[in-house]
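1. Fold the following.
(4 chains)
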Protein chains: 2
Amino acid sequence: MSFSNQAYKALIGDLTSLVEIPEHQLSLVISSFKPKKLTKKAYLLNKGEVSNHMRFVAEGCLRSYMLDNNGQEHILQFGISGWWVNDLYSYLTRKPATHFVQAIQPSTVLQIHRDTLEKLYNRVPSLERFFRIKFQNAYTALQERHLDKMSLTAKDRYENFRRKYRDIEQMVPQYMIASYLGITPEFLSAMRKKE
Amino acid sequence: MSFSNQAYKALIGDLTSLVEIPEHQLSLVISSFKPKKLTKKAYLLNKGEVSNHMRFVAEGCLRSYMLDNNGQEHILQFGISGWWVNDLYSYLTRKPATHFVQAIQPSTVLQIHRDTLEKLYNRVPSLERFFRIKFQNAYTALQERHLDKMSLTAKDRYENFRRKYRDIEQMVPQYMIASYLGITPEFLSAMRKKE
DNA sequence: GTACGATCTTAAGATACCTTAATTTTTTTT
DNA sequence: AAAAAAAATTAAGGTATCTTAAGATCGTAC
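-> Presented below is the predicted three-dimensional model:
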């Protein structure tokens, strides 16, 4: 496939927005990512499987979630175009995934195998930097979300969400937003009514 | 100061447990960290200051926390020997810190300035890898904590905390554990009574 | 060793959010 | 277009956790 197509353009954009990569290294990196199409509701990763790829969302929308002891879903992350989605714990430890990753809309992801990536790190040092910065950013974003859960009411979190992720709000059912916010769909519905 | 002392040994141990660093590079890295002693209750970082260092706890115990709109404290992280503590958001963006970092016990930290570290990354590639792995691990740990907050009762979280951080429990007052768990000290006290 | 500040406890009343279950609305499938 | 499935709403009753405020301990400084 051609690397000039839309899916790869998003990936190239993401890479080059954070680090400088010489042209020949960039095409080496890009060509190591393989596209995967997902129908709506298809699973990219099931609980129990080992996650062996880093995954970039080129198109569509996915979610990662876990089931708690009561069988309730908890959404960890949505992923739309330009985001990375995974069960990082599984990817890093090679242990069975504790989360699911599922397409909410028909989606395309670009994925690279762990072995390929580890080798690439040695040939393309910027790539190591890229992921370091990515993880740093992911960490601070998650920290902020955690603090929001600690200090804000459900209403405030919902308003923040709508302001911050207007694009995601369009693509996912309301009960998943409730799950992401850590409340029940019924309570979210009641909150919306009061507005 | 000598790098064979206890404080530096912990840092060397942390570095070499994750990446291989040639001897001469290692001493270059180590010598870039400067020790800083803190009395009990001293602030390593105040809200509003820019965090310019990465900080490794060699000895003692610290906490990072933020104040919400109601003036309530929320503890993000405890740091005992072997942990890294910071307001990462401030360090990465060079914007004023939104959190405080304070010593709970008399403590020693080893810190490296951002400029020094950025330069070192180019001479010691393993260091880039070290922090990538550190952030990956920090991210998954924080994710787990977030999910615990979403899916477990305060009682379960408290029991998990005691099992996981017996050493921290000894060093910090109970009301800070409550803050870390996201509950009030009164409620923690009531929970303990029921046991 | 006394005294003061910091921490912990107790208890009563309040509230944000949950549970259940039934109904309506929207979306998808045939 | 009808039928089926998925998602959203409504409402009543329940509970985990908070708020306030007072009193009891503990720790540390003088």
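
2. And the one helix or strand residue A:92 maps to, what does it pack against?
-> Element membership for residue A:92 (DSSP states H and E) is helix A:88-93. Packing partners of helix A:88-93 (3 or more C-beta pairs under 8 Å, 6 or more residues apart in numbering or on different chains; DSSP states H and E): helix B:125-151. From N, CA and C alone the C-beta is placed, and that goes for glycine too.

3. in the helix it packs on, what's buried?
-> For helix B:125-151, the neighbour count (16 or more other C-beta atoms under 10 Å in any protein chain shown) marks B:125-140, B:142-143, B:145-151 as buried.

4. For the residue nearest the centre of chain A, which non-adjacent residue is closest in space?
-> The residue lying closest to the centre of chain A (C-alpha atoms, centre = their mean) is residue A:85, at 2.7 Å. Distances taken as C-beta to C-beta, 6 or more residues apart in numbering or on different chains place residue A:79 nearest to residue A:85, at 3.7 Å, with adjacent residues excluded.

5. mind checking how far that neighbour is from residue A:171?
-> In this view, residue A:79 and residue A:171 are 11 Å apart by C-beta to C-beta, to the nearest Å.

6. more neighbours, these two?
-> Neighbour count, other C-beta atoms under 10 Å in any protein chain shown: between residue A:79 and residue A:171, residue A:79 has more, with 24 against 15.

7. Surely the more buried one forms part of a strand?
-> Yes. Assessed by DSSP: H, G, I helix; E, B strand; the rest coil, residue A:79 belongs to a strand.

8. pretty sure residue A:28 is in contact with residue A:122, am I right?
-> No. If you go by C-beta atoms under 8 Å, residue A:28 and residue A:122 don't touch, sitting 11.9 Å apart.

9. Look at the two and report which has more neighbours.
-> Neighbour count, other C-beta under 10 Å: between residue A:28 and residue A:122, residue A:28 has more, with 15 against 11.

10. which ones are touching residue A:63?
-> Residues in contact with residue A:63 (C-beta atoms under 8 Å, 6 or more residues apart in numbering or on different chains) are A:75, A:76, A:77, A:78, A:79, A:101, A:102, A:104, A:172, A:176.

11. Sticking with it, tell me its helix or strand.
-> Element membership for residue A:63 (DSSP H and E) is strand A:61-67.

12. now check that strand, is it near DNA strand C?
-> No. Under the criterion of C-beta under 7 Å from any atom of the strand, DNA strand C is not reached by strand A:61-67; the shortest gap measures 12.2 Å.

13. Within its sheet, name the partner strands of that strand and how each one runs.
-> Applying DSSP bridges, strand A:61-67 is found paired with strand A:73-80 (antiparallel), strand A:100-103 (antiparallel).
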